[in-house]
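Q: The following comprises the amino acid sequence and a computationally predicted model.
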Amino acid sequence: MTLAQAIPIDVFAHVLAPRFYQQMLAIEPSIPDKAGYVNNRALVDCDYRRQHRTIPTHQIISMMNLNPEDYVGPKQALALCRDANQELADLVKAHADQFSGAVAMVPMNNLFGAQEMLQTLVKPNQNLVGVQLFTRALGRSIADPTFDPLFATAAKLDLPIWLHPVFDDRKPDNNIVFSWEYELTQAMHDLVVAGVFQRYPHLKIIVHHAGAMVPFFAGRINAIMTSAQADDFHKFYVDTAILGNTSALRLTVDYFGVDHVLFGTDAPFGILPVGASSKIAIAIEHLPLTSTEKAQILYSNAAKMLGLEPLTK
């Protein structure tokens with residue numbers, strides 16, 4: 001298969017499953033006023049998404065950050081996540097021309113239920129390919145020892161983890177341009193210092209936004225942290241969702257290695273109405289890489305990790 005024949009696999013594309021969204025609105029009607037980005041039509045309307053796409057892609061969909069544990073107790077959060085995961089899997093099945101898989105939600109205030117759900121619902125379902133965690137949960141870093149059972153279960157089941165940022169509500173100056181990149185960087189630091197890769201050496205964690213600040217500050221990492229910790233930073237996988245910017249992507253590939261970089265766009269965000277897929281694909285095409293290496297980033301790394309069949313145009 002040549003690069004021109006391959007359909008890119010977008011590993012970080014977001015949806016807002018309609019039934020789940022209605023359940024959350026019944027709990028908190030002010031959600032669209034507090035988080036205006038939920039009003040993006042492409043999150044809920046798959047036909048609209050298809051009609052406006054700029055290049056053919058097959059997306060791995062994950063729910064945008066609307067997390068039940070922030071609104072309800074453990075039992076209801078588990079039920080909402082269970083229903084949402086089934087809805088995500090159904091979306092993949094119903095829109096196979098757009099989606100290749102979905103990433104599961106878990107209730108962070110019900111870790112026993114979350115682990116059980118990964119074992120009995122997510123792992124057996126061919127349309128659910130991993131689990132999404134956020135940089136902070138319930139006011140704590142995702143690297144807090146409380147959450148380690150989720151990493152242990154994901155490692156045991158060989159389920160990749162998608163790491164997405166959220167704001168740290170303790171800070172008064174959060175902004176969408178820089179804050180999430182800091183949160184991702186800090187979460188990576190916390191996970192490395194907590195020894196997550198030492199305990200689970202084969203764990204796969206896909207970090208949004210090209211590994212955030214880590215490639216740029218590689219020198220500081222190497223100078224200040226232990227050699228084992230510096231090595232562990234290279235074990236993360238990262239996507240390409242930085243809205244183009246070939247120079248920055250080159251730094252990302254140089255740091256993490258071509259085997260650990262996967263095409264991801266943050267669709268449908270970034271460039272309206274459905275995201276920056278074409279701009280990011282052009283940035284990858286301009287990288288000083290071989291056609292085989294570009295194909296790794298665009299589709300074959302994801303296909304290998306997730307057990308997907310190669311896709312042709």
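A: Structure received.
Q: On the pLDDT front, check G36 for me.
A: At G36 the predicted local confidence, pLDDT, stands at 83.
Q: again but with A6, I slipped
A: The model's pLDDT for A6 equals 81.
Q: Identify the residue nearest it in space, chain neighbours excluded?
A: Sequence neighbours aside, Y299 is the residue nearest to A6 in space, at 5.0 Å (criterion: Cβ to Cβ, 6 or more residues apart in numbering). Yep, even glycine has a C-beta here, placed from its N, CA and C like the rest.
Q: helix, strand or coil for L163?
A: For L163, the assignment made with DSSP: H, G, I helix; E, B strand; the rest coil gives strand.
Q: So it sits against T135, correct?
A: Yes. With contact defined as Cβ atoms under 8 Å, L163 counts as touching T135 (6.7 Å).
Q: what number of residues lie near F236?
A: F236: 22 surrounding residues under other Cβ atoms under 10 Å.
Q: What's the separation between it and F151?
A: Using Cβ to Cβ, to the nearest Å, we find F236 at a distance of 13 Å from F151.
Q: same question, L118
A: Going from L118 to F151 by Cβ to Cβ gives 11 Å.
Q: same deal with A17?
A: 25 Å.
Q: Tell me which of those two has more neighbours.
A: Comparing A17 with F151 by other Cβ under 10 Å, the one with more neighbours is A17, at 25 against 22.
Q: residues in contact with D266?
A: F12, A13, H14, H208, H209, A241, G275, A276 (Cβ atoms under 8 Å, 6 or more residues apart in numbering).
Q: any idea which of those residues is the one closest to R53?
A: G275 (8.3 Å; Cβ to Cβ).
Q: On the three-state scheme, the closest one is what?
A: With three-state DSSP as the basis, G275 sits in coil.
Q: contact partners of stretch 204-213?
A: By Cβ under 8 Å, 6+ apart, the surrounding residues in contact with stretch 204-213 are 11-12, 130, 158, 160-165, 180-182, 184-185, 188, 191, 196, 235-242, 248-249, 252, 255-256, 261-262, 264, 266, 305.
Q: tell me the mean pLDDT for the helix or strand that contains A154?
A: Taking DSSP states H and E as the criterion, the element that holds A154 is helix 148-157. Averaged over helix 148-157, pLDDT sits at 98.
Q: how about the strands in this protein?
A: With DSSP state E applied, the chain shows strands at 9-15, 58-63, 99-104, 128-134, 136-137, 140-141, 161-164, 205-207, 237-239, 261-262, listed in chain order.
Q: quick one: the last one to chain centroid distance?
A: Read it as strand 261-262. Centre-to-centre, strand 261-262 and its host chain are 12 Å apart (Cα atoms, centre = their mean, to the nearest Å).
Q: got it, and the second one?
A: Remark: strand 58-63 is offset 9 Å from the chain centroid, using Cα atoms, centre = their mean.
Q: Also the fifth one?
A: The gap between where strand 136-137 is centred and where its chain is centred comes out at 15 Å by Cα atoms, centre = their mean.
Q: Can you verify my assumption that the residue nearest to A6 contacts P56?
A: No. If you go by Cβ under 8 Å, Y299 and P56 don't touch, sitting 11.3 Å apart.
Q: more crowded one of these two?
A: Ranked by neighbour count (other Cβ under 10 Å), Y299 and P56 place Y299 first, with 26 against 13.
Q: ok, now how distant is that one from T312?
A: For Y299 relative to T312 (Cβ to Cβ), the value is 10 Å.
Q: and for these two, which residues touch both?
A: Counting by Cβ under 8 Å, 6+ apart, the residues touching both Y299 and T312 are A6, I7.
Q: where does this structure dip in pLDDT?
A: Along the chain, segments meeting pLDDT under 70 span 1-5, 310, 313.
Q: go again using 90 as the cut-off
A: Low-confidence segments of the chain, defined by pLDDT under 90: 1-6, 34-37, 309-313.
Q: for it, which helix is longest?
A: Longest helix in the chain, counting residues (DSSP state H): helix 74-94.
Q: the inter-axis angle of that one versus strand 128-134?
A: Calculated by axes from the mean of the first three to the mean of the last three Cα atoms, to 10 degrees, helix 74-94 forms an angle of 130 degrees with strand 128-134.
Q: can I get the CA coordinates of helix 74-94 in PDB?
A: The C-alpha coordinates for helix 74-94 follow below in PDB (Å, rounded to 0.1, in the frame of the first residue of the first chain):
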ATOM      1  CA  PRO A  74     -20.400   7.000  42.200                       C
ATOM      2  CA  LYS A  75     -23.300   4.800  41.300                       C
ATOM      3  CA  GLN A  76     -24.900   7.200  38.800                       C
ATOM      4  CA  ALA A  77     -21.500   8.000  37.300                       C
ATOM      5  CA  LEU A  78     -20.900   4.400  36.600                       C
ATOM      6  CA  ALA A  79     -24.300   3.900  35.000                       C
ATOM      7  CA  LEU A  80     -23.800   7.000  32.800                       C
ATOM      8  CA  CYS A  81     -20.300   5.800  31.700                       C
ATOM      9  CA  ARG A  82     -21.600   2.300  31.000                       C
ATOM     10  CA  ASP A  83     -24.400   3.600  28.800                       C
ATOM     11  CA  ALA A  84     -22.100   6.200  27.100                       C
ATOM     12  CA  ASN A  85     -19.500   3.500  26.200                       C
ATOM     13  CA  GLN A  86     -22.200   1.400  24.600                       C
ATOM     14  CA  GLU A  87     -23.400   4.500  22.700                       C
ATOM     15  CA  LEU A  88     -19.900   5.200  21.500                       C
ATOM     16  CA  ALA A  89     -19.500   1.600  20.300                       C
ATOM     17  CA  ASP A  90     -22.800   1.800  18.500                       C
ATOM     18  CA  LEU A  91     -21.700   5.100  16.800                       C
ATOM     19  CA  VAL A  92     -18.600   3.300  15.500                       C
ATOM     20  CA  LYS A  93     -20.800   0.400  14.100                       C
ATOM     21  CA  ALA A  94     -23.300   2.800  12.600                       C
END
